[in-house]
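1. Sequence first, then the predicted structure, then my questions.
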Amino acid sequence: MGHCPDSDQTLGMDEPISRRDFLDGMLIASTAIAAGAICPFALGTQSTGAPTGGWSGYTGEGDYKGSAGNTETVIQNAHAVRDGKFDKAPTDVVETAEVYDCVVVGGGQAGLSAGLFFNKQADSKRNCLILDNAHIFGGVAKRNEFVVDGHRLYAPQASVHFQPPYPDSFLKTVYDTMGLDWEAFQSYQKWQGPKPEMWLPRSPYGTGKINGKEALGFYFGAKYGHKPGIWITDPWGKGLEGTPFSETTKKEMLARWSQKPVVPPLVYDYPGDAISRQLDSMTLEDYFIRTYGISRETVRLMDASEAAGGFGLGPDALSAFLVYEWSKIIPTVDDSMESGIQMFPGGNSGMTRLMVKTMIPAAIDGPRSMEAVWKGAVNFAALDQPGQRVRLRLDSTAVRVEHMGDPSKAELVSVEYVKNGTVFRVKAKTVVMAGGGWITKHVVRDLDQTRKNSYDQFNYAPYMTVNVAVRNWRFLYDLGISSAQWFDGFARQVNVRKSALFGVDTNAVGPDLPTVLTFFVDFTKPGLPPRTQGQLGRAEMLSTPFVDYERQLREQMTEMFAASGFDAKRDIAGIVMNRFGHAFINPQPGFFFGLDGKPAARDALRNGPFGRIAFSHSDLAGAMDHRNAFMESHRATGQLLDRVLI
């Protein structure tokens, strides 16, 4: 599809910081890619979801440059496993002659915490190897970095914030073990700007406040009969007055927003009791309809994108048991945006850096302090050195994991992985599979049929996080908002946040200073089966070039903010897109406790190890959350302790 050159120039499509495409370390002209002259991938059909040319785009600065979301190499290697390239054992495997007491497959929060638990619990003579398929550890808990007008800015790729744990809790123990210092979060950036001052949240999911009211605006464009579009500020405080919704829809939205039930909510006492099973037997959408007396259309209007931000899809596809996921399944002392939520400047990459520094002290320059670990450069050469108790091997995609003999009797597990196009093999006395279930089911070659059947019942959805560095956000402040929400177009909401002082180079925040705006893009297709929604969403996300998404973003921001002074060409300093093909597990009804008298599919994977292999990834818990990752890894390593780890 052609685009007007003058329009592209106005949008800033020719600006250098956002026009650089890095593919395998090579700088490629985006115009050539867009024209189809260069295509480094074999373009797949919609069903395969293969990445298309010009896919990566600008990836930021610093340690995480070249590692925005799932990179092309990561996806290509994973798809090679999925498509059967390694179904037969390669004949040219390079034997490393290494034998480890434990090999952890996966370097995200589950994998790193499994290594952390091993390091803490096992005898000091035991060794561990962590295999990670990416250029840098962290999984979804990575960050993007920008340098704008002399300021280094950070933003999360996916895993965002955390809450204070209960004293003496398991979660508190994990945080203490990695060296997380709570005092570092006592000070956040202070307001530097005009009056009235805006109170800003610490998370990209929060809403600011101004003059005691929500600094939130709803935008309505052509879809709602407004061209040019209109802004309604403090919409909830105004009872949705001025919005183009019907009176019935307004009434239902207000009932849902204020959480005023028409029938008593279902509240369980403990997981597995009759009420929790009743919740797990229905969709979240049906539960909202039942509880608040609202229409299916209103649920999808209000809740689809919000639910997708935690579980990948909307309430139409999810178990109603998830209504209590954050408050009862993994409780914390304070979940409020005002006083509870805490955030590293670039999200939970701060945790993954702390874990690696704890296991491998030389991994990051400087002491194990919050400031030093956040800002210090990763010493990649130190991650995988002989003699280390824990080694972390990057760019290493596990392709075959299987017992060397009968799983019930074998003393070793063969672990084969691809690194730089070569297949290597190490041997392990135990293995923790800490990658997602979507790939684990292909990698463990001798997996029994019961566990295979369990994995076949897991559904996953894609997600994309887009970080946009802007030179100022005066265009939001002049609207009287710091948080925006819309109901049509690219993404659905964005806000301005403040950062903890230990990780940034200025203690001030204000509308005339640079910041990073984080846009969350879901691929929900309400009404379709969960698996179909995930497949269609992945195909859409993986087949769309960077330049096309960039244009959509710039057009969306221009439509909404040009009237208040935004200029895409002048104000946007950089754009990084983080695409995750299997970002979220989508736990359907029955996921947690089973249906029709049958056990939950996940039980077979959690109740015990398969020979010398245990399974640890947060999707087993029903939500991709760092707390779930820690709990699943603690369980999995514990299941292997009697085999070798003590």
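-> Arrived safely, thanks for sending. Numbering: from 1, shown residues only.
2. tell me the contacts of the most centrally placed residue in the chain?
-> Relative to the mean C-alpha position of the chain, the nearest C-alpha, by C-alpha atoms, centre = their mean, is the one of residue 158, at 3.2 Å. Residues in contact with residue 158 (C-beta atoms under 8 Å, 6 or more residues apart in numbering) are 69, 140-142, 347, 463, 465, 578, 580, 583. No exception for glycine: its C-beta is placed from N, CA and C like everyone else's.
3. Put together a markdown table for those, with pLDDT on each row.
-> Formatted as a markdown table, these follow (pLDDT from 0 to 100):
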| residue | pLDDT |
| --- | --- |
| 69 | 94 |
| 140 | 96 |
| 141 | 97 |
| 142 | 98 |
| 347 | 96 |
| 463 | 97 |
| 465 | 97 |
| 578 | 97 |
| 580 | 96 |
| 583 | 96 |
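4. Among these, name the buried ones.
-> Among the contacts of residue 158, those buried by neighbour count (16 or more other C-beta atoms under 10 Å) are 69, 140-142, 347, 463, 465, 578, 580, 583.
5. re earlier: from the contacts of residue 158, which single one is nearest residue 124?
-> residue 141 (27.8 Å; C-beta to C-beta).
6. So for the residue in the chain sticking out farthest from the centre, what's the pLDDT?
-> Outermost residue of the chain with respect to the C-alpha centroid, by C-alpha atoms, centre = their mean, is residue 409; its distance is 38.1 Å. Looking at residue 409, its pLDDT reads 94.
7. So it, which state does it fall into?
-> In the three-state summary, residue 409 is assigned as coil, counting by DSSP: H, G, I helix; E, B strand; the rest coil.
8. got a list of contacts for stretch 468-477?
-> 146, 148-149, 153, 155, 193-194, 198, 482, 484, 496, 511-519, 553, 557, 561, 564-566, 570-575.
9. So the closest residue to residue 608 other than its chain neighbours: helix, strand or coil?
-> Leaving aside its chain neighbours, residue 608 sits nearest to residue 639 (6.2 Å; criterion: C-beta to C-beta, 6 or more residues apart in numbering). Residue 639 carries the three-state label helix when classified by three-state DSSP.
10. after the one helix or strand residue 356 maps to comes which helix or strand?
-> According to DSSP states H and E, residue 356 maps onto helix 349-359. Moving toward the C-terminus from helix 349-359, the next helix or strand (DSSP H and E) is helix 370-375.
11. Below-threshold pLDDT in the stretch 451-600 of the chain: ranges please.
-> Judged against pLDDT under 70, the stretch 451-600 of the chain has no low-scoring part.
12. Tell me which stretches of it form strands.
-> Applying DSSP state E, counting those that start in this stretch to the stretch 451-600 of the chain gives strands spanning 460-470, 483-486, 493-495, 508-509, 515-521, 572-585.
13. who's in contact with the second one?
-> Contact partners of strand 483-486, identified using C-beta under 8 Å, 6+ apart, comprise 206-208, 214-221, 476, 492-496, 560.
14. got a list of what the residue nearest to residue 608 touches?
-> Contacts of residue 639 (C-beta under 8 Å, 6+ apart): 608-609, 614.
15. need the contact list for residue 187.
-> Residue 187 sits next to 500-502, 507 when contact means C-beta under 8 Å, 6+ apart.
16. Please report phi then psi for it.
-> In terms of degrees, to the nearest 10, the main-chain angles of residue 187 are phi -130, psi 120.
17. Kindly report the same for the one 4 residues further on.
-> Comment: the main-chain dihedrals of residue 191 come out as phi -70, psi 130, following degrees, to the nearest 10.
18. partner residues bridging it?
-> residue 509 (DSSP bridges).
19. Which of the three states applies to residue 244?
-> coil.
20. Surely it touches residue 222?
-> No: between residue 244 and residue 222 there is no contact under C-beta atoms under 8 Å: 11.3 Å.
21. quick one: which of these two has more around it?
-> Taking other C-beta atoms under 10 Å, residue 244 and residue 222 do not tie; residue 244 has more neighbours (16 against 12).
22. Any figure for the gap between the more buried one and residue 216?
-> From residue 244 over to residue 216 the distance is 17 Å, taken as C-beta to C-beta, to the nearest Å.
23. what's the answer for residue 187, then?
-> Residue 187 is 26 Å from residue 216, where distance means C-beta to C-beta.
24. As a markdown table, the buried ones among the contacts of residue 158 with distance to residue 240 would be great.
-> As requested, the buried ones among the contacts of residue 158 are exported to a markdown table (distance: C-beta to C-beta, whole Å):
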| residue | distance to residue 240 |
| --- | --- |
| 69 | 36 |
| 140 | 35 |
| 141 | 37 |
| 142 | 38 |
| 347 | 32 |
| 463 | 28 |
| 465 | 29 |
| 578 | 33 |
| 580 | 33 |
| 583 | 31 |
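25. Any stretches of this protein with poor pLDDT?
-> Applying pLDDT under 70 to the chain flags the ranges 1-6, 17-53, 644-646.
26. mind listing what residue 343 touches?
-> Contacts of residue 343 by C-beta under 8 Å, 6+ apart are 156, 160-162, 202-203, 497, 499-500.
27. Name the nearest residue to it, ignoring sequence neighbours.
-> Using C-beta to C-beta, 6+ apart, the closest residue to residue 343 is residue 161 (4.1 Å).
28. do residue 221 as well
-> Nearest residue to residue 221 in three dimensions, chain neighbours excluded: residue 229, at 3.9 Å (C-beta to C-beta, 6+ apart).
29. and the one you found, how many neighbours?
-> Using other C-beta under 10 Å, residue 229 has 18 neighbouring residues.
30. What of residue 372?
-> Neighbour count of residue 372, defined by other C-beta under 10 Å: 14.
31. Wait, it touches residue 363, no?
-> No: with contact defined as C-beta under 8 Å, residue 372 does not reach residue 363; the gap is 11.9 Å.
32. burial measure for residue 89, as a count.
-> 14.
33. contacting residues for it?
-> Contacts of residue 89 by C-beta under 8 Å, 6+ apart are 400, 416.
34. where does it fall, phi/psi-wise?
-> Taking degrees, to the nearest 10 as the convention, residue 89 sits at phi -60, psi 130.
35. Tell me how far it lies from residue 425.
-> 9 Å.
36. Kindly report the same for residue 58.
-> Taken as C-beta to C-beta, the span from residue 58 to residue 425 is 37 Å.
37. ok, these two, which is more surrounded?
-> Legend: neighbour count by other C-beta under 10 Å for residue 58 and residue 425, higher for residue 58 (23 against 17).
38. Please tell me how far the more buried one sits from residue 378.
-> Relative to residue 378, and taking C-beta to C-beta, residue 58 is found at 20 Å.
39. ok, back up a step: so what secondary structure elements neighbour the helix holding residue 356?
-> helix 109-121, helix 170-178, helix 370-375, strand 390-393 (3 or more C-beta pairs under 8 Å, 6 or more residues apart in numbering; DSSP states H and E).
40. hey, where'd the strands end up in the stretch 151-300 of the chain?
-> 151-156, 190-191, 198-199, 209-210, 213-214, 216-220, 230-233.
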